[in-house]
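Trainee: okay, here's the prediction I keep looking at, along with the sequence it came from:
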Amino acid sequence: MIEKFNFYELHNNGRIRIFGLKFLKAENKQAEFTIKHCNLGKGEFFDIDLRHADTILLNSSHLIECTFNNITWPKSLYIPEKDMDSTYFSGIKEAYRQLKYAYSKQGDTVLEHKFHGLEMEAYPKQLKHDRKEAVHVHKSIRWLVKGQNSLTLWFSWWTSNYGQNFVWSLLTLAAFNIVLFTFLALADGVPGLRFVPDFSYDQIVTTVGEALKFANPLRKYDTDATGWSVLIYLVMRIVSSYCLYNVIRATRRFVK
């Protein structure tokens, strides 16, 4: 049982084997697992339980050739963020990318996707600091150049957890289409359907059926639609296509 495991500026030209580590959860003490500015070469890590490590910091290190067997990672990895810069988060993102690739080579699809998600979580923080550090560029220009990636990453996380949660995608699909279909009905964009406070079973079934029909991105375009109805209908198709793509992506993430 240990409290701290720290590798700083270690360069391994041969083989290094670390096995059987467990972290002690001591009162008023921080359990740490740190690998920073290291080249571990073909290091091998076996039977390590990191669930009780308060801080796990992997930064600016060469890990891509390492082997990881029976490593118990916590559900989330705490990353100290105070007074950090873009280079710091770039190093963390790169470490997660290497772990993702290392687990992919080992055929561990579950942990490969875990570190893909962590890599994507670190990237917006890097972009945020990139914008802050580009002081010579006007704020609006910084956002146009670098902010679009942050917005794309945020939307990907919010709608599907970076393509890993199909439930989030279905909830997003339902929420957007309920709102958009309501506006479509108010704009008289649904033939034979009027927005009235009728909560009878037959009316609910009819309304849900029409909503699903209009949410279908493969549905033939209604050439009779005009005005705002056209815009709302097109937005519904775009949102539905995006969410259904993420549903397929999330449900197939363990299939090679």
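Mentor: Sure thing, it's come through.

Trainee: for the residue lying closest to Arg17 once chain neighbours are set aside, give its distance to Pro191.
Mentor: Excluding the flanking residues, the one nearest Arg17 by C-beta to C-beta, 6 or more residues apart in numbering is Glu44, at 4.7 Å. The way it works is simple: take the backbone N, C-alpha and C, and place the C-beta from them, glycine included. For Glu44, the distance to Pro191 equals 66 Å [C-beta to C-beta, to the nearest Å].

Trainee: these two: which is more packed in?
Mentor: For Glu44 versus Pro191, neighbours defined as other C-beta atoms under 10 Å are more numerous around Glu44 (14 against 9).

Trainee: who does the more buried one bridge with?
Mentor: Arg17, Thr67 (DSSP bridges).

Trainee: show me what counts as buried in the strand or helix carrying Glu94.
Mentor: Taking DSSP states H and E as the definition, one finds Glu94 inside helix 86-106. For helix 86-106, the buried set under the neighbour-count rule, 16 or more other C-beta atoms under 10 Å, comprises 86, 88-104.

Trainee: can you list contacts of it?
Mentor: Here helix 86-106 makes contact (C-beta atoms under 8 Å, 6 or more residues apart in numbering) with 35, 57-69, 79, 109, 111-112, 115-116, 118-119, 122-123, 125-126, 129-130, 133.

Trainee: make it 7 Å
Mentor: With C-beta atoms under 7 Å, 6 or more residues apart in numbering as the test, helix 86-106 has contacts from 58-61, 63-64, 66-68, 79, 111-112, 115-116, 118-119, 122-123, 125-126, 129-130, 133.

Trainee: helices - which of the residues you listed land there?
Mentor: 111-112, 115-116, 118-119, 122-123, 125-126, 129-130, 133 (DSSP state H).

Trainee: got a ChimeraX select line for the buried ones in those residues?
Mentor: Selecting only the buried entries of the ones in helices among the contacts of helix 86-106 in ChimeraX, with 16+ other C-beta under 10 Å as the criterion:
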select :111,112,115,116,118,119,122,123,125,126,129,130
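
Trainee: where's the dip in pLDDT among the ones in helices among the contacts of helix 86-106?
Mentor: Taking those together, the minimum pLDDT is found at Glu133 (70).

Trainee: give me the nearest residue to that one, chain neighbours excluded.
Mentor: Ser86 (5.7 Å).

Trainee: and that neighbour, how far from Lys93?
Mentor: With C-beta to C-beta as the criterion, Ser86 and Lys93 are 10 Å apart.
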